[in-house]
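# from the sequence below, what's the structure:
(chains A, B and C)
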Amino acid sequence: MKYCNENGDLKISGLRDFDLAETLECGQCFRFERLDKEDYSIAALGRVLRARQSGDELTLFDCTADEFEKKWMHYFDLETDYAAIKAAISADDPVMQSAVEYAGGIRLLNQEPYECLLSFIISQNNNIPRIKGIIAAMCDKYGDGGAFPDLGRLRGVTEEQFFELKMGFRNKYIYDAVKRLDGGEVVLDSLYGSDSASARQELLKIKGVGPKVADCVLLFSLGHRDVFPIDVWVRRVMSNLYFDGREQSLKTIARFAAEKWGGYAGYAQQYLFYYARSGGMDGKS
DNA sequence: CGCCAGGGCACCG
DNA sequence: CGGTGCCATGGC
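Reported below is the predicted structural model:
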């Protein structure tokens, strides 16, 4: 990977195992806008970044090399060797080989834990377009200039006001999350280093945060790549492709994934999720 | 109209 | 413990 700044824009070349569209559209983040094919506006890390990919070249508009090194390199997980990970998780596994081939440019983002937590609380029993809409409404209403509203801005917001953003029954959960973070009962930044199980226990203190939401926050923002979030899609695709179509319990799937993929289970999960949602459920396409 | 969506809670036996 | 009904909303 090489990069240099041209007229204020950063041009990165020689990228491998990276596809901007796949990475953004695979359901791990919600605040982005597709301007054109492989051309996106991304709201993250305190600003709006426009990015466009052409082959193995990625352009980050209005971005210095310094900013790239300090923020976006890690955000897009570009310092990680995905070729090695893909080889490891798909060894002797035709199912995972297909999933990895289908969307081999997915990267697991390193998002901000606070935004990731609130976003995935909103995601529960919901669909992706509507999740994006609710988050956008919250940013418009309470964020500074459309940014994701920080704790200070959500501190005084009532359950009723969250309900007005069309959150439905999740309004109480968002309210509870804000309260516990604000009160210091849960400290997200302390969860980077600890082991996944104890970090999950902390997140489960928040009302409306169960195993699935907790695992998404651990995987997509806190660097715990061993966790394996199981939603309806993952349960379906796992049952179909690894258990002969017989629906398995969450516990069985979790144990299977942990034994099969270990510390790389999170990567495996994301390839499978995207594969399943794109119609690869029968194991042929 | 009913079913479903990147679930979790309360309640039940 | 494991199973079940319920929760708001919008797209299909």
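
# tell me the contacts of the residue of chain A found nearest DNA strand C?
The minimum distance from chain A to DNA strand C, using C-beta to the nearest atom of the strand, falls at A:G168 (2.7 Å). C-beta coordinates here come from the backbone N, C-alpha and C atoms, glycine included. Not one residue lies near A:G168 by C-beta atoms under 8 Å, 6 or more residues apart in numbering.

# scan chain A for its longest strand.
strand A:47-54 (DSSP state E).

# could you export the next helix or strand after it as PDB, CA atoms only?
As assigned by DSSP states H and E, the chain's next helix or strand after strand A:47-54 is strand A:57-60. Extracted in PDB, the C-alpha atoms of strand A:57-60 (Å, rounded to 0.1, in the frame of the first residue of the first chain):
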ATOM      1  CA  GLU A  57      -6.900   2.900  -5.800                       C
ATOM      2  CA  LEU A  58      -8.800   4.700  -3.100                       C
ATOM      3  CA  THR A  59      -9.200   8.500  -3.000                       C
ATOM      4  CA  LEU A  60     -10.000  10.300   0.300                       C
END
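
# separation between the residue of chain A closest to DNA strand C and DNA strand B?
Using C-beta to the nearest atom of the strand, to the nearest Å, A:G168 is found at 9 Å from DNA strand B.

# for A:V178, same thing?
Applying C-beta to the nearest atom of the strand to A:V178 and DNA strand B gives a distance of 15 Å.

# so what's that residue up against?
Neighbouring residues of A:V178 by C-beta under 8 Å, 6+ apart: A:L118, A:L151, A:L154, A:R155, A:V157.

# isn't the last one up against A:D150?
No: in terms of C-beta atoms under 8 Å, A:V157 does not count as a neighbour of A:D150; the distance is 11.9 Å.

# so these two - more neighbours on which side?
A:V157 (19 against 14; other C-beta atoms under 10 Å).

# pretty sure A:I135 contacts A:F30?
Yes: contact between A:I135 and A:F30 holds when scored by C-beta under 8 Å: they sit 5.1 Å apart.

# shared neighbours, those two?
Between them, A:I135 and A:F30 share the contacting residues A:S119, judged by C-beta under 8 Å, 6+ apart.

# spit out the contact partners of A:A21.
A:A21 neighbours (C-beta under 8 Å, 6+ apart): A:R34, A:K37, A:E38, A:Y40, A:Q53, A:G105.
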